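Enquirer: Just need the structure, nothing else, for what follows:
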Amino acid sequence: MPPESSSRITRNDVVTRSAISVFLLLHLLVIGSWALPSQPHLLGVIKNIVAPYAWRSGLFQSWDMFAPNPRRADTYITAEIEYRDGKLRSWIFPQMQDLGYIERYSKERYRKFSNDCLRLDENAMLWPDAARFIARLNADLLSPPQTVRLFRNWSLISLPQPGEAAQPERWQRSAFFTYTVKPGDL
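Expert: Predicted structure coming up:
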């Protein structure tokens with residue numbers, strides 16, 4: 001009888017490899033259905049099916065920075081934290097222009113989350129969790145955060161006109177949510 005070979009593939013190996021292959025193929029399908037800007041009917045149907053998973057897992061893509069209808073505003077979210085001793089502190093979601101290349105890669109989802117989801121009124125259910133997250137990040141044992149106020153910041157982007165000098169950015173700011181921090185939040 002020949003000795004057992006260590007390179008023998010078992011049934012468990014086949015099941016494991018099959019599961020990994022299915023996992024990878026499904027994720028490629030999700031990414032592909034979101035990454036293609038034109039939507040043939042079948043791809044649109046697939047995109048609608050995978051949409052909940054794509055949004056929850058962060059695999060969604062957006063083409064709103066490109067023609068024919070690019071975004072017309074530069075936006076970001078900030079927070080103002082008020083502490084028990086009355087001190088105020090400003091906090092901002094990571095901004096790509098302030099980060100190095102490696103940091104940009106790991107923190108881009110924060111920017112996408114705040115710009116594409118958190119700032120929108122239709123996602124108001126996210127605001128308390130975001131405020132608690134910001135309070136925890138800025139916790140101070142001697143003077144804990146009492147309130148977190150979220151602000152939308154935006155500057156409308158005007159189309160350049162031939163022969164005219166570029167217009168300076170005009171930033172606007174508006175508070176859109178205030179959260180009273182509870183002791184259990186920290």
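Enquirer: Need the residues that contact the host helix or strand of Tyr105.
Expert: Counting by DSSP states H and E, the element that carries Tyr105 is helix 101-112. Outside helix 101-112, the residues within contact range by Cβ atoms under 8 Å, 6 or more residues apart in numbering are 58, 62, 76, 93-96, 99. For the C-beta atoms, the positions are set from N, CA and C on the backbone; glycine is no exception.
Enquirer: Just the buried residues out of the residues you listed, in PyMOL syntax.
Expert: Written as a PyMOL command, the selection of buried residues from the contacts of helix 101-112, which uses 16 or more other Cβ atoms under 10 Å, is:
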select buried, resi 76+93+94
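Enquirer: Which residue ranges of this structure form strands?
Expert: Listed in chain order, the strands of the chain (DSSP state E) span residues 73-83, 88-92, 145-156, 172-180.
Enquirer: With mean pLDDT and distance to Asp13 as extra columns, can I get those in CSV?
Expert: Converted to CSV, the strands of the chain look like this (pLDDT from 0 to 100; distance: least, Cβ to Cβ, whole Å):
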stretch, mean pLDDT, distance to Asp13
strand 73-83, 93, 48
strand 88-92, 95, 49
strand 145-156, 95, 50
strand 172-180, 96, 51
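Enquirer: Brilliant, that's me finished.
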